[in-house]
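Novice: I need the structure of the sequence given here:
(2 chains)
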Amino acid sequence: MNLLEKSKAIRNQEITALDSLEKFNQVIASKNSNINAFVQIDHETALKKANEIDARIKNGEKVGKLAGMIIGIKSNINVKDFTISAASKTLENYMGSYDATVIQRIKEEDGIIIGMTNMDEFAAGSSTETSFHGPTNNPAAPGHIPGGSSGGSAAAIAAQMCDITLGSDTGGSIRNPASHCGVMGFKPTYGAVSRQGLLDLSMSLDQIGPLAADTSGIAMMLDTIAGNDPKECTSIDWKVPNFTALLDENPEEALNGMKVGVVKQFQEVTDDHIVNIIEDSIDKMGEMGAEVVELSFDYVDLCLPTYYLINYVEFFSATRKYDGRKYGHQIEEVCGDEVLRRIHMGSYISQQEFSGKYYKKALQARSLIRKEINKLLNGVDIIAGPTVPKLPHKLGETLEPMEMYAYDVLTVIANLAGIPASSMKAGEVKGIPVGLQFQAKPLDDAKIVQAMAALEKAA
Amino acid sequence: MKCGLEIHVQLETDSKLFCDCHTNYQDAPANTNICHVCLNQPGAKPFPTNENALEGALKIAMMLDCKIADDVTYFMRKHYNYPDLPSGYQRTSVPIGYEGDLNGVRIREVHMEEDPGQYKPDLGIVDFNRSGIPLIEIVTEPDMKSPEEARAFLRELIRVLEYSGDARGEGTMRADVNISLEGGKRVEIKNINSIKGAYKALKFEMVRQKNLLKRGVEITQETRAFLEAQMITVSMRLKEGAEDYRFIPDPDLPPMQAKEEQVEGIREKMPEPPHIKVKRFMEQYNIAEEPAKVLTSELELADTFEEVVKSVDPQFAALWMRDELKRVLYYNKISFDESGITPQQVIELLKMVQKKEVTTKVGQRIIENMPNSSKSPKEIAEKMGLIGIVNEDEVIQAAQKVIDENPEAVADYHEGKSAALNFLVGQVMRFTRGKAEPGRTVEFLKEML
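Specialist: You can find the predicted model right below:
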C-alpha cells in the first residue's frame, strides 16, 4: 500500500489515523534513541489531531488532502510551539512564534505534525554530524552517516517513523540524505514553494521540499505546499499541476517517448560502483521507451566554488541576527566549526575591498552555469544521473572540509540554476543505497514526478 | 566652507515597508506594532515592498527634479551591529532618483531605507514599533557655502516634502552634515534632528575648525556627533575606524523597475514643487518674491490664492493674503489647511473691501473671525454689526459726541498737539464700529473743531 492508498484507506475508515499514529509512536519509541532522527516529539498534540480527524471522517465531514498523514518537520522550519533550533545551541531556546507558510498549508490539509527532525547545524553540512543534538544514524546502512543536511528527515522515512517529512535543500540537503538513506526526496523549482518561515542558510538557493518512501507521498505533499505565497517575494505565481493526479493511470507509460539526457561529466566524477547502478537505471528507462541522449557539461569544476562563495556570504548576512541579544547566545560563541568557518569566510569575502573579486564573480559564474544547464535542458525532458558521487562515510570518521564539500558536486547545480531535482533509490552498493537524480527545466517539476513514478512502478 | 547634507525623513504610509504592521509607532505602547517580519525573527522574509512608499519616494525624487533610474533598482543589506537592528542589517535601496536640484543645490541621489527600532537605554528597552517604517534619504552635493544656506535649503526641502503629502516632515528628520573648510579635510556630523540643530552644528563646527586652522592644526577626516542639549559636536571616530557595511543585494527581494507609465502617472499627479511655484507666481501674477514665498509656504494656501485671483486683482489678493490672512493664522497658531477657510470666503471678503462695502479696518475684523467658521464674510459682518459704511450724518453725530465728551483732548488739539486728533479719530471709529471712513472723519473733525 503506497501513501496515497493509505490516505484513501484512512478516509474510507479502513484504518484510522490513530492506529497509524500509534504504530509510528512505537517505532519511534524503539528506534529513535539509536537513530536520532527526531529531536523533538509532541505526542499529545498529534494524538488530539488524529482523534479529531478520525471523528470528522466518521461524521462524514470534509477532511484535507493530508488527512491522517503523520509528518516530520526539519528543525529549521518554523512550527508554532516547537523548538526551532536549527540543531544549533544558538537557538536552543527559540520557540517557533509563527507557522511557516508550508506549515500553515499542512495544517489546513489536516496533516499531523508529530515532531522536529535532526539536521546539520543551520543546514550547513552533508552528514548530519554537526548537530547540537548529536549525529543521526543511517537506518538503511547502520553505522554510516545518513547524509545531510536533512539527515533526520531522510532517516525518519527510512526507519518508518512517519509518512512524509519536510526538508530543505540549499545544495543537495534533501537529495543527498534521500540518496544515502534510500528514500525519495524532491527539491522543487526555486520559488515553487514558499520559503516564508524557513531559517536561512543561503537565501537565493534554499528551497523546502518533501521526503517520503514513495512517489505518491512526494506528490501529496507537493499538492499541499506548492503554489504562490503573496507574502514571500521570491515565490513564483505559477499554475501548480495536480501532482497526485499524474499517478492515477498507468504512470509507467510516462517514460515512453521522454527524452532523457545523461551528462558524461557527471559520471566521470562519480565512484564506478555507483555509476554502474545508475547506468542500469538509465537502461531500464530506455527499455520503458525513453530516448536516452548523451550531453556534455563543461562547468562541473566551477560549480562547487561558485556555490560555496554565495553560500558563505548569504549565510554570514543571515546569521547577523543571532547577536546574542534576542535568542540567548551569540552564534560565534556557541556554534560548531563548520558554521563558524562559513561565517568567517562570508565576512571575509564580503568586505568592501573584495566585493568585485569574489561575490560578484560568483554571481557571474552562477549566471553562466544557469545558462549552460538550461541550454542542455532545452533539448531534453529530464537529465538523469547519480545524486551523490560517493558512498556515505562511517559515523565518527573525520573528513577534511573539501572532502565533505565533494559530496555536493552533483547536487549544487540544481540550486545554482533554480531548477527542480529529485533523488530516488536506484540500487545498493555493498548494502548501501545509491540515489538516482533527476533534474528538469524550471517549473517542470511534474515531469520529474512522472519519471519517478514510472521507474518506481517498474522496480 | 562647503557643506553637503544627507537627510532622512519618514515616508507617510499606513503600513511598514516590508510587512502589514501599522506605522503609528509614537502613539502605540512599546513593542505592540510588531510581527515576525519587522522583528526579523528566524525564518521571516520580507513581504513585497510597500507600493505606496515606493510611489511616495518616486514622487519626492521627481519634485526634487531628479532623473528617475530607468534601470532595475534593488535593496541592499547594510550590515552593522546595534541593539535597535533586529536582523543585524538595514535594508537600503540603490538610488531611485539622481542628479536633481533644489534652488541651486544639486541633489546627488534619493533612495529608500527601513527605519530601525528605538534603543532606549534609560528605560532599559528596545522598542521595535519603529522598525521597518519606510524612510527616504536625500543626499546633496556639497553646494552650500554657509550655515545660513544650509538652513535655507533644509527649510525649502521640508516644504517640498510637505507639498508631496508623502513624508512626515521635520519631526522625523535625521540628518548627517558634511563640512569642509578651505585647507581642511571633510568632517561628518551625525545625530542632527532638526533644522535648527543642523544650523547650530554647522556654526559650532565652522568656529571650531577655523580656530584649529588658525593655530596651524591639521583638520583630519573624521566623524563627529552633535550633542543637541549642549549644541556642540564631539569626535566619534577617525577615518581609519570607518565601518565596513559589507553591502550585498538582498536575496529575499527581487529587483524592482519603475515602469514608464507609473512614473508618468506620478508626474501628472504630483504637485508643483514650492520653489518652482514661487518663480511662476512672480512672473504670472507680477508679485514680488517675498509675498510669493509666503503664499507658497503651504500648498493649500497657494491653491487658494490661485483660485482667488481668478476673480480678484492678484496684487490686491497677494497683499491681503500675505498680510492679513497670515497674521490671523499666525495668531491662532494654525495652518491655512487647519483654518478651514475656503477660496469663496476669501473672494467674497476681498470683493467687499474692493467695492468699499466695508472699510479695510472692518475687513480685518471679519477675517479674524473667518477661521473655522462656515459663515460667509457678509454673514460674519452682519452678525457683528459691521456691515456697510455709515452715512455722513452718523459720522458727524459721533464726532460731536466725541468732542463733547473729551474737552481735554480738544484743548490739546488747539494747543497744536497732533496726537490729540488721532485720539479723537480713534474714538469716532469706536463709536461707529470702524465703519466710518478714516479720511472723511479727519476732515469732519477738523471742521468742527
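Novice: residues in the stretch 151-300 of chain B within reach of chain A, list them.
Specialist: B:244, B:245, B:246, B:247, B:248, B:251, B:252, B:253, B:254 (Cβ under 8 Å from any Cβ of the partner chain). For the C-beta atoms, the positions are set from N, CA and C on the backbone; glycine is no exception.
Novice: now do 7 Å
Specialist: The stretch 151-300 of chain B comes close to chain A at residues B:244, B:246, B:248, B:251, B:252, B:253, B:254, as judged by Cβ under 7 Å from any Cβ of the partner chain.
Novice: Neighbour-wise, which one of those leads?
Specialist: Neighbour counts for those, by other Cβ atoms under 10 Å in any protein chain shown, peak at residue B:246, which reaches 25 neighbours.
Novice: For the stretch 251-400 of chain B, give me the ranges with low pLDDT.
Specialist: B:386-391 (pLDDT under 70).
Novice: Which parts of it are strands?
Specialist: Secondary structure of the stretch 251-400 of chain B by DSSP state E, counting those that start in this stretch: no strands are present.
Novice: gap between residue B:141 and residue B:58?
Specialist: 21 Å (Cβ to Cβ, to the nearest Å).
Novice: Next one: residue A:375 from residue A:369, what distance?
Specialist: Distance from residue A:375 to residue A:369, by Cβ to Cβ: 11 Å.
Novice: More neighbours: which of those two?
Specialist: residue A:369 (21 against 11).
Novice: That one against residue A:416, yeah?
Specialist: Yes - applying Cβ atoms under 7 Å, one finds residue A:369 in contact with residue A:416, separated by 5.0 Å.
Novice: Common neighbours of those two, please.
Specialist: Here residue A:369 and residue A:416 have A:303, A:306 as joint contacts, going by Cβ atoms under 7 Å, 6 or more residues apart in numbering or on different chains.
Novice: Surely residue B:7 is within a strand?
Specialist: Yes - the assignment for residue B:7 by DSSP: H, G, I helix; E, B strand; the rest coil puts it in a strand.
Novice: so who does the closest residue to residue B:448 other than its chain neighbours touch?
Specialist: Residue nearest to residue B:448 in three dimensions, not counting chain neighbours: residue B:399, with 5.7 Å by Cβ to Cβ, 6 or more residues apart in numbering or on different chains. Listed by Cβ under 7 Å, 6+ apart, the contact partners of residue B:399 are B:428, B:441, B:444, B:445, B:448.
Novice: Mark which of the residues you listed are buried, thanks.
Specialist: Using 16 or more other Cβ atoms under 10 Å in any protein chain shown as the burial test, the contacts of residue B:399 include B:428, B:441, B:444, B:445 as buried.
Novice: Check which helix or strand the second one maps to.
Specialist: Read it as residue B:441. Residue B:441 is part of helix B:438-448 when elements are defined by DSSP states H and E.
Novice: Give me the distance between the closest residue to chain B within the stretch 301-450 of chain A and residue B:82.
Specialist: In the stretch 301-450 of chain A, the residue that lies nearest chain B is residue A:320 (2.4 Å; Cβ to the nearest Cβ). When Cβ to Cβ is the yardstick, residue A:320 and residue B:82 sit 11 Å from each other.
Novice: Between these two, tell me which one has more neighbours.
Specialist: Using other Cβ under 10 Å as the criterion, residue A:320 and residue B:82 rank with residue A:320 on top: 21 against 13.
Novice: That one against residue B:87, yeah?
Specialist: Yes - Residue A:320 is within contact range of residue B:87, at 6.4 Å (criterion: Cβ under 7 Å).
Novice: Look at the closest residue in space to residue A:399 that isn't next to it in sequence and report its pLDDT.
Specialist: Residue nearest to residue A:399 in three dimensions, not counting chain neighbours: residue A:393, with 6.4 Å by Cβ to Cβ, 6+ apart. As predicted, residue A:393 sits at a pLDDT of 97.
Novice: so who does residue A:393 touch?
Specialist: Counting by Cβ under 7 Å, 6+ apart, residue A:393 has contacts A:144, A:145, A:399.
Novice: What is the nearest of these to residue A:226?
Specialist: Using Cβ to Cβ, residue A:145 is the member of those that sits closest to residue A:226, with 29.6 Å.
Novice: picking that back up, elements contacting the helix holding residue B:441?
Specialist: helix B:392-405, helix B:418-431 (3 or more Cβ pairs under 7 Å, 6 or more residues apart in numbering or on different chains; DSSP states H and E).
Novice: Report all helices and strands that the last one contacts.
Specialist: The contact analysis (3+ Cβ pairs under 7 Å, 6+ apart) places helix B:418-431 against helix B:392-405, helix B:407-414, helix B:438-448.
Novice: Give me the angle between the first one and helix B:418-431.
Specialist: Interaxial angle of helix B:392-405 relative to helix B:418-431 (axes from the mean of the first three to the mean of the last three Cα atoms, to 10 degrees): 120 degrees.
Novice: same question, the second one
Specialist: Direction vectors for helix B:407-414 and helix B:418-431, defined by the same axes, to 10 degrees, enclose an angle of 140 degrees.
Novice: follow-up on the earlier one: now the helix holding residue B:441: average pLDDT?
Specialist: Per-residue scores along helix B:438-448 average to 80.
Novice: Please list the residues outside that helix that contact it.
Specialist: For helix B:438-448, using Cβ under 7 Å, 6+ apart, the contacting residues are B:395, B:396, B:399, B:400, B:403, B:421, B:424, B:425, B:428.
Novice: How many residues are close by the second one?
Specialist: The burial metric for residue B:396, expressed as a neighbour count using other Cβ under 10 Å, is 17.
Novice: likewise the fifth one?
Specialist: Burial of residue B:403 is recorded as 18 neighbouring residues (other Cβ under 10 Å).
Novice: who are the neighbours in contact with it?
Specialist: B:410, B:448, B:449.
Novice: can you tell me how far the first one sits from chain A?
Specialist: With distances defined as Cβ to the nearest Cβ, to the nearest Å, the gap from residue B:410 to chain A amounts to 85 Å.
Novice: Test my guess that that residue contacts residue B:421.
Specialist: No - if you go by Cβ under 7 Å, residue B:410 and residue B:421 don't touch, sitting 9.9 Å apart.
Novice: any chance of the contacts of residue B:403 in TSV, with distance to residue A:162 too?
Specialist: Formatted as TSV, these follow (distance: Cβ to Cβ, whole Å):
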residue	distance to residue A:162
B:410	112
B:448	112
B:449	112
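Novice: Now the residue of the stretch 101-250 of chain B found nearest chain A: closest residue in space, sequence neighbours ignored.
Specialist: Minimum separation of the stretch 101-250 of chain B from chain A (Cβ to the nearest Cβ) falls at residue B:246, amounting to 4.1 Å. Take residue B:246 and drop its neighbours on the chain: the residue closest to it by Cβ to Cβ, 6+ apart is residue A:350, 4.1 Å away.
Novice: from memory the one you found sits against residue B:248, does it?
Specialist: Yes - with contact defined as Cβ under 7 Å, residue A:350 reaches residue B:248; the gap is 6.0 Å.
Novice: which is the next helix or strand following the helix ranked longest in chain B?
Specialist: As assigned by DSSP state H, the longest helix anywhere in chain B is helix B:195-214. Later in the chain than helix B:195-214, the nearest helix or strand by DSSP H and E is strand B:222-227.
Novice: Can you pull out the residues in contact with the helix or strand following that next one?
Specialist: On the C-terminal side of strand B:222-227, the nearest following helix or strand under DSSP H and E is strand B:232-238. Here strand B:232-238 makes contact (Cβ under 7 Å, 6+ apart) with B:189, B:190, B:201, B:204, B:205, B:220, B:222, B:223, B:224, B:225, B:226, B:227.
Novice: change it to 6 Å
Specialist: B:189, B:201, B:204, B:205, B:222, B:223, B:224, B:225, B:226 (Cβ atoms under 6 Å, 6 or more residues apart in numbering or on different chains).
Novice: same check, this time on stretch A:258-277
Specialist: With Cβ under 6 Å, 6+ apart, stretch A:258-277 has contacts from A:282, A:285, A:290-295, A:297, A:300, A:380-386, A:389-390, A:409-410, A:426-427, A:429, A:434.
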